[in-house]
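> return a 3D structure for these sequence lines:
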Amino acid sequence: MNSSIIQSRRGFLEFAATGALLAGSRAFGASAFGSGAAEPAINFPTAPRDRLAVASYPFRKDVDPRNGTVKLLDFPQMVVDRFQVKGIEPLDQHFPSTDAAYLESFRKVLASTGTHVVNIPVGQLHGSFYDTDDAKRNLAIATARHWVDVAVTLGSPGIRVHVRGVKGVQPDAPLASASLREVADYGRQKQIVVNLENDDPSSEDAFFLVEVIERAKNPWLRALPDFCNSMLLDKGADYNYRAVTAMFQHALTICHVKEIESDNGKLFRVNLEKTFSIAKQTGYKGYFSMEWDSDGDPYAGTEHLIAESLKALA
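Below is the predicted model:
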């Protein structure tokens, strides 16, 4: 996702009372995954189609809870009917609520449609993990913990947290890793993996995220490789493939399949076959979530990505 899109996300779906949200989420009681194992142990499907998921982000105009035409509760059935895929990846901004009643309704929809959540991308953290302001940094940590609780309720194996930039401050790997270690420790307690994505070029360069993960030394903090996002740095395809390789070496649960990325009218394209081969060579066993992010029909684009993914995984 390009930086302009990320900026637009930040003004949407404000958390007016993070503490209240945390309390509401915990009303479901103890984690269904137990008190926390030392390392994640997830049994992923092996059939190609079962490894696929569809992200709600490409359909953001339709799934926008303020004025969209598709309710998030209807998204799972749409994915099954249109794409014959059972995995979904709902963006945090597409949740009209995270109170207990809404999440229980979501769980019932998942059960009735035979679908499951593979990951929840969280962008609205309202603070940065490397902000020198303790209050803002702690807000990011608290909000991430809230979404860990949401993931437990919906049966998602993980969440993705956005490492937000700070005006006038260079990305700080030691401070970010210390903050994210707290989130990952909470994830361990709840058996939820916390993922970092090479998304915003200014604050989420792949090699910076790898340094953060390696500094944290917590197996519950992992990478979410996006096939194409590192192309936005305009350093060439070789840089992108090296970045994706580094991310896959730290990935576990989720990656984003993307062939084309656009930024201010400029298109960047990757070789899907080559990128899938990187995933295979690194031993990646997790989910592949379709995230079409270019001009044109996102439904046709998603169908194209699914077809190419099935060929690559056959």
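> only C-alpha atoms for contact and neighbour calcs from this point on.
Noted.
> gap between Ala142 and Met78?
In this view, Ala142 and Met78 are 32 Å apart by CA to CA, to the nearest Å.
> pick out whichever of those two has more residues nearby.
Ala142 (19 against 15; other CA atoms under 10 Å).
> and the helix or strand where the more buried one lies, C-alpha only, in PDB?
Ala142 belongs to helix 134-154 when assigned by DSSP states H and E. Only the C-alpha atoms of helix 134-154 are listed here, as PDB (Å, rounded to 0.1, in the frame of the first residue of the first chain):
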ATOM      1  CA  ASP A 134       6.000   7.400  26.300                       C
ATOM      2  CA  ALA A 135       2.200   8.100  26.200                       C
ATOM      3  CA  LYS A 136       2.000   7.700  22.400                       C
ATOM      4  CA  ARG A 137       4.200   4.600  22.400                       C
ATOM      5  CA  ASN A 138       2.200   3.000  25.100                       C
ATOM      6  CA  LEU A 139      -1.000   3.800  23.200                       C
ATOM      7  CA  ALA A 140       0.300   1.900  20.200                       C
ATOM      8  CA  ILE A 141       1.100  -1.100  22.500                       C
ATOM      9  CA  ALA A 142      -2.300  -1.000  24.200                       C
ATOM     10  CA  THR A 143      -4.200  -0.800  20.900                       C
ATOM     11  CA  ALA A 144      -2.100  -3.700  19.600                       C
ATOM     12  CA  ARG A 145      -3.000  -5.800  22.700                       C
ATOM     13  CA  HIS A 146      -6.600  -5.000  22.100                       C
ATOM     14  CA  TRP A 147      -6.500  -6.500  18.600                       C
ATOM     15  CA  VAL A 148      -4.700  -9.500  19.900                       C
ATOM     16  CA  ASP A 149      -7.800 -10.100  22.000                       C
ATOM     17  CA  VAL A 150     -10.000  -9.600  19.000                       C
ATOM     18  CA  ALA A 151      -7.900 -12.200  17.100                       C
ATOM     19  CA  VAL A 152      -8.400 -14.700  19.900                       C
ATOM     20  CA  THR A 153     -12.200 -14.200  19.800                       C
ATOM     21  CA  LEU A 154     -12.300 -14.600  16.000                       C
END
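> packing partners of the helix or strand just after it?
Once the chain leaves helix 134-154, the next helix or strand it forms, by DSSP H and E, is strand 158-161. With contacts taken as 3 or more CA pairs under 8 Å, 6 or more residues apart in numbering; DSSP states H and E, strand 158-161 sits against strand 120-122, helix 134-154, strand 193-197.
> so where do the strands sit in the stretch 1-150 of the chain?
Ranges of strands in the stretch 1-150 of the chain, per DSSP state E, counting those that start in this stretch, are 52-55, 87-89, 116-117, 120-122.
> tell me which strands the shortest one pairs with, and in which orientation.
The reference is to strand 116-117. Sheet pairing for strand 116-117, assigned by DSSP bridges, gives strand 87-89 (parallel).
> now do the strand it pairs with: distance to the chain's middle.
Offset of strand 87-89 from its chain centre (CA atoms, centre = their mean, to the nearest Å): 10 Å.
> now Trp220. Its backbone dihedrals?
Backbone torsions for Trp220, taken as degrees, to the nearest 10, come to phi -90, psi 0.
> skipping its backbone neighbours, what lies nearest it in space?
Val193 (4.9 Å; CA to CA, 6 or more residues apart in numbering).
> what stretches of the chain score poorly on pLDDT?
Applying pLDDT under 70 to the chain flags residues 1-36.
> tell me where it has helices.
Assigned by DSSP state H, the helices in the chain fall at 3-10, 18-26, 60-63, 75-83, 100-113, 134-154, 173-190, 206-216, 237-248, 272-281, 298-313.
> those helices: which one's closest to Asn119?
Asn119 lies closest, by CA to CA, to one member of the helices of the chain: helix 134-154, at 7.8 Å.
> list the contacts of stretch 254-269.
1-2, 118-119, 224-229, 231-232, 270-272, 286-294, 305 (CA atoms under 8 Å, 6 or more residues apart in numbering).
> check stretch 234-245 too.
Outside stretch 234-245, the residues touching it (CA under 8 Å, 6+ apart) are 206-207, 225-231, 270, 275, 278-279, 282.
> same thing but 10 Å
Here stretch 234-245 makes contact (CA atoms under 10 Å, 6 or more residues apart in numbering) with 198, 201, 205-207, 210, 223-233, 246-248, 251, 255, 268-271, 274-275, 277-279, 281-282.
> please indicate which of those residues are buried?
Among the contacts of stretch 234-245, those buried by neighbour count (16 or more other CA atoms under 10 Å) are 198, 201, 205-206, 210, 223-232, 246-248, 251, 255, 268, 270, 275, 278-279.
> phi, psi for the residue nearest to Thr143 when sequence neighbours are not counted please.
The spatially closest residue to Thr143, leaving aside those adjacent along the chain, is Leu125, at 5.8 Å (CA to CA, 6+ apart). Note on Leu125: its backbone torsions stand at phi -100, psi -20 [degrees, to the nearest 10].
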